Each structure stands twice: as C-alpha cells, then as structure tokens.
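J.: sequence plus predicted model, see below.
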Amino acid sequence: MLFLDVALVPLLALWATGCEQYLPSAFFGLLFAALTSPGGRRQRAFDVGVRTVAGAGVTALAFGIGADSWSRLALAAFAVTLAAGATAVSGGRRITGASLLSLWFLVAAALGSGFQASDLVTSRTWAQVLAWTAGAVLWTAVAFALRHIRGGVERPERPGERFGDAPWGKPARPLLLFAMIRALAVAGTVALAYGLELPHGGWIPVVALIAMTPNPEQTWTVGTQRLTGALIGAGLAAVLLLMPPGEHGVRLFAVERGLEAVALVLFAHGAAIRSWSRTYCTAAVVAGALVLMDLPQHSGHTADGYRVLWTLCGAATGLFVMWLAGRITGNTTAGHDGRPGTEAHGGRPGAEVPSPAAGARVPGEPAHLLPGDRSPADHAATADHGR
C-alpha cells in the first residue's frame, strides 16, 4: 500500500490548488516509476531517470499535438509504439516501461483532445510535463529514502519481481516486422478515432494496444489473459463512468473527485498484484486509465454505449492484427523458437547456445507488456527460488 500512501501527496496537493486536470499525468508518472523500479537500486534509479525524461517527452508530444492534427497524432503514435515494440529484445522492466509509455501516450492524447474541446478546463503542456516528472521523481525519492532508512540494505526481490533486464541488442528481424505491424495498427486506429472525430473514440487504440502482445512468440494463453484483462478493465471503467450523468454543480464536482480517487485505488491494486495475476493487473491499470481519460468529457448512457462499442472494435482489431502478424511472420519466425543454433539466438545451424542465468531473459523469449507478464526464464527462476 506504499503506492497509495505516496499517491495521496499529489492527489491532495492538486485538489487543494484546483488543478485536478494534472492528476492523470502525476498518477501515471508515479505508476511508471513504481512499476519499473520497485527496489530502489542505484542502477534502476539511473534507468528510471532516463525513462522519466523519455516520459516527459512523450507527455509533451501528446498534449502538444492534442486534436489539432489527427495525421500528426497518428504519425506520433506510430513512432512511439514502434519504439516501444523494438525494445522487446531487452528485459522486463525496459519493455514494461516502454509499454506503459506507449499506453500513456494514447491516454494523454485523448486527454489533450478533451481539454481542447472543453471551455471549462484549461490545460498547459508544460504543466502536464511537470506533473508527470514530479510523480516519477516523488516515487524515486521515496524509494531512496526507504533504502537509507534500512541502512543502505536493498529490499530483497520477490521471485515475481525478477524481470531480468538484458543488455541492449539488435532486435531480430521477425520482432522488428511484428513491431512495425503493431505500430501501423495503433496508428490506424488513432487516425480512425480522431480523423472521423468519433465520440470517445480514444478507447479504440487503447484497447487495441493492450489486446496485442508485444512479441509474436508469446503464447495464446498470454494473449488471452491480456485481452481478458483489457475487456474487464474497459467494462469496469464504463460502469464507473455511468455515475455522473445528470449531475451538475457541487454534486458533479464531488462525483468527479470520487472517480479520481477510485482511479488511484485501481492503480494501487495494479501495482500490488503485478506478480500475482496478469489478467487482473491489466484490468486494474486499464480501468484506471480509461476513467481518468474520459472524466473531462460528457457522460451518459449514449456515451457509455459508444464506449462499449469502441471497446469491442479495439479488441477485434487487436485479435485481427495478431492473426495477421502471425500469418505474415509465420515463415520468418520458423526456427526462431530458441533451439540451439537458431537465428533467434544469433547462432549458426548446429552451434551451441549457452544456458541463460536464472531470471535472465534470452533473445527470442516472450517479452513483457504490462506488469505480470513473465517469461519462461522468470518461471524457472521462481521454481528455483521455491526449492
């Protein structure tokens, strides 16, 4: 529950100053830092610092473009998603961080579009960037403070937290091809949602992104769990957003603040169960993101109908892209299953491949998208730890 305790700081600060429109940025920055560096180690703090700068750039890009140009927004979505997909060759925290940033870009783009369409809310790009950075820095500072309180002793990692960051390397050709297809699909859904000005259309790319696994070598079980989590999260968000219709004035203000608190609790649960259940972790993160994303927009039964429709469209898009990518990369990925001498490990036919260390991820293993996605090497490390 440490995440919940720390998140109360930006929540109360922004409520007190009347700057609630910056809460999503602060929450996502905090969640990003918590999930990519739960232990507070020095190397991880450096990595989180680099990723925080990247997150600030993604925030500035999304809010800077907003709904001014759907073509530029689609191009930016393609670039961000492709960059995130290309990092699937590295370890768990890197792909988790990159994937959270790609999700945050879509949420921030929808928020920026909603703020620009509203006459009641004023949002400044530099303030959104500052809120994101403050959230990430706050968690990093708390992690270092706890380490100092323990006398410099690191908190032991639980087996479920062993993501196994691997050194950076050149992505295999099938991985790059799949990342390209995935990025094109996200860019296409963004162009469709914002080019046609679909009401609440931002739900389509968000659900489609979650429904698509970041690596073609992940099993259908992993994809099903992620898709199920996305549908559960979207359904929960749709039910929660049914609360405000017909409310005005003080009652509407109270309901919106309550939904912001609910989104915070959902993020806290997502951070807490990241190593327990992939499905429910994904559901909690998606539900919290969609609630925060649609708060600035009008709600009602008609709006909720659109949300359900776009959720189904996003899920169908994700499934179709996964099937299509499997067909396209099927011949290419043959022989990339991690057997000795395959190109996935950079070896020649018949060459011997050294065994990976426990908890480490070898190229070609399934990568992570959201917390809770664990590779076979991670499961082996967990089994060794149990024995």
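T.: The structure has been received and is ready for your questions. Residues are numbered from 1 along each chain as shown.
J.: what helices and strands are in contact with the longest helix that the chain contains?
T.: Across the chain, the longest stretch assigned as helix under DSSP state H is helix 301-333. Counting contacts by 3 or more Cβ pairs under 8 Å, 6 or more residues apart in numbering; DSSP states H and E, helix 301-333 is packed against helix 173-195, helix 203-211, helix 220-240, helix 278-294. Where C-beta positions appear, they are placed from N, C-alpha and C, glycine not excepted.
J.: which one of those helices lies nearest to Phe78?
T.: Smallest distance to Phe78 across the helices and strands packed on helix 301-333 (Cβ to Cβ): 3.7 Å, for helix 173-195.
J.: which residues belonging to the closest one are considered buried?
T.: 174-183, 185-194 (16 or more other Cβ atoms under 10 Å).
J.: same thing with stretch 3-12?
T.: 3, 6-7, 10-11.
J.: quick one on the thing from earlier: any idea of the mean pLDDT in the longest helix of the chain?
T.: For helix 301-333, the mean per-residue pLDDT is 81.
J.: that one vs helix 220-240, what angle?
T.: For helix 301-333 against helix 220-240, the angle by axes from the mean of the first three to the mean of the last three Cα atoms, to 10 degrees is 170 degrees.
J.: which residues sit against the helix or strand containing Val255?
T.: For Val255, the element it lies in under DSSP states H and E is helix 249-272. By Cβ atoms under 8 Å, 6 or more residues apart in numbering, the residues outside helix 249-272 that reach it are 1, 3-4, 7-8, 11, 15, 20, 23, 27, 30-31, 34-35, 240-241, 243-244, 247, 280-282, 284-285, 287-289, 291-292, 295, 371.
J.: got a PyMOL select line for the buried ones in those residues?
T.: Selection of the buried residues among the contacts of helix 249-272 in PyMOL, burial being defined by 16+ other Cβ under 10 Å:
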select buried, resi 3+7+11+20+23+27+30+31+34+35+240+241+244+280+281+282+284+285+287+288+289+291+292+295+371
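J.: where does the stretch 251-387 of the chain dip in pLDDT?
T.: Applying pLDDT under 70 to the stretch 251-387 of the chain picks out residues 298-299, 329-387.
J.: if we can go back for a sec, okay, the helices and strands packed on helix 301-333 in TSV with distance to Phe115 next?
T.: Formatted as TSV, the helices and strands packed on helix 301-333 follow (distance: least, Cβ to Cβ, whole Å):
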stretch	distance to Phe115
helix 173-195	14
helix 203-211	17
helix 220-240	19
helix 278-294	11
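J.: the ones you listed: which one's closest to Gly57?
T.: Taking Cβ to Cβ, helix 173-195 is the member of those nearest to Gly57, at 17.4 Å.
J.: quick one: list the elements packing against that closest one.
T.: By 3+ Cβ pairs under 8 Å, 6+ apart, helix 173-195 packs against helix 70-86, helix 92-117, helix 203-211, helix 301-333.
J.: what is the orientation angle of the shortest one with helix 70-86?
T.: On the basis of the same axes, to 10 degrees, helix 203-211 is oriented at 10 degrees to helix 70-86.
J.: still on that earlier bit, weakest of the helices and strands packed on helix 301-333 in terms of mean pLDDT?
T.: Here the lowest mean pLDDT among the helices and strands packed on helix 301-333 goes to helix 220-240, at a mean of 84.
J.: taking their axis directions, it and helix 249-272 sit at what angle?
T.: Using the same axes, to 10 degrees: helix 220-240 against helix 249-272 is 160 degrees.
J.: pull the CA atoms of helix 220-240 into PDB?
T.: Taking C-alpha atoms only, helix 220-240 is exported to PDB below (Å, rounded to 0.1, in the frame of the first residue of the first chain):
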ATOM      1  CA  TRP A 220      -2.100 -17.500 -27.000                       C
ATOM      2  CA  THR A 221      -2.600 -18.000 -23.300                       C
ATOM      3  CA  VAL A 222      -0.700 -14.800 -22.600                       C
ATOM      4  CA  GLY A 223      -2.700 -13.000 -25.300                       C
ATOM      5  CA  THR A 224      -6.000 -14.300 -23.900                       C
ATOM      6  CA  GLN A 225      -5.100 -13.200 -20.400                       C
ATOM      7  CA  ARG A 226      -4.200  -9.700 -21.600                       C
ATOM      8  CA  LEU A 227      -7.300  -9.400 -23.800                       C
ATOM      9  CA  THR A 228      -9.500 -10.600 -20.900                       C
ATOM     10  CA  GLY A 229      -7.900  -8.000 -18.700                       C
ATOM     11  CA  ALA A 230      -8.400  -5.300 -21.200                       C
ATOM     12  CA  LEU A 231     -12.100  -6.200 -21.600                       C
ATOM     13  CA  ILE A 232     -12.600  -6.400 -17.800                       C
ATOM     14  CA  GLY A 233     -10.900  -3.100 -17.300                       C
ATOM     15  CA  ALA A 234     -12.900  -1.400 -20.000                       C
ATOM     16  CA  GLY A 235     -16.200  -2.800 -18.700                       C
ATOM     17  CA  LEU A 236     -15.400  -1.600 -15.200                       C
ATOM     18  CA  ALA A 237     -14.500   1.800 -16.400                       C
ATOM     19  CA  ALA A 238     -17.700   2.000 -18.400                       C
ATOM     20  CA  VAL A 239     -19.700   1.100 -15.300                       C
ATOM     21  CA  LEU A 240     -17.900   3.700 -13.200                       C
END
